[in-house]
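Engineer: would you be able to build a 3D model of this:
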Amino acid sequence: QVHLAESGGGLVQPGGSLRLSCAASGRAFENSFMGWFRQAPGKEREFVAGLTWNSDGHYYTNSVKDRFTISRDNTKKTVYLQMNNLKPEETAVYYCAASNLERALTWDKYPYWGQGTQVTVSS
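Structural biologist: Residues are numbered from 1 along each chain as shown. Reported below is the predicted structural model:
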């Protein structure tokens, strides 16, 4: 069992940066593949980034490559999403999620979810 809580969302201007954090509790975090998703109003939940348990494998949706970075600190049971050069169309609720699989790139592979944090990109 893994419990997740996101933080770090807020209002940022286009081109700005935010770092999201996801604090986990539960013994299984260290072995979990961790993912970040986002969902804008009226749209489907979208995979943003994913990271293997040992940080050997990083996965990103094409639109965020070279701008977003996912990382984790297993000693702190926390996963991060550094987001740079944010765009207005990236306004959404951002969720972190944990999977028991070695790799998980779609939402249906994740049994554990946080409640989400709002990111608004606007001038």
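
Engineer: nearest the middle, which residue of this structure would you pick?
Structural biologist: In the chain, the residue lying closest to the centroid (Cα atoms, centre = their mean) is W36, at 2.2 Å.

Engineer: that's a strand at that residue, yeah?
Structural biologist: Yes: looking at W36 with DSSP: H, G, I helix; E, B strand; the rest coil, it is inside a strand.

Engineer: contacts only, for it.
Structural biologist: Each residue near W36 by Cβ atoms under 8 Å, 6 or more residues apart in numbering is listed here: 20, 22, 48-50, 70, 79, 81, 94-97. C-beta: built from backbone N, CA, C; applies to glycine.

Engineer: show me those that map onto strands.
Structural biologist: Among those, the members found in strands (DSSP state E) are 20, 22, 48-50, 70, 79, 81, 94-97.

Engineer: now tabulate the contacts of W36 in TSV and tack on distance to W113 and neighbour count.
Structural biologist: Shown next, in TSV, are the contacts of W36 (distance: Cβ to Cβ, whole Å; neighbours: other Cβ atoms under 10 Å):
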residue	distance to W113	neighbour count
L20	14	23
C22	10	26
V48	14	24
A49	15	25
G50	14	25
I70	16	23
V79	13	29
L81	15	27
Y94	11	23
Y95	6	23
C96	8	30
A97	5	25
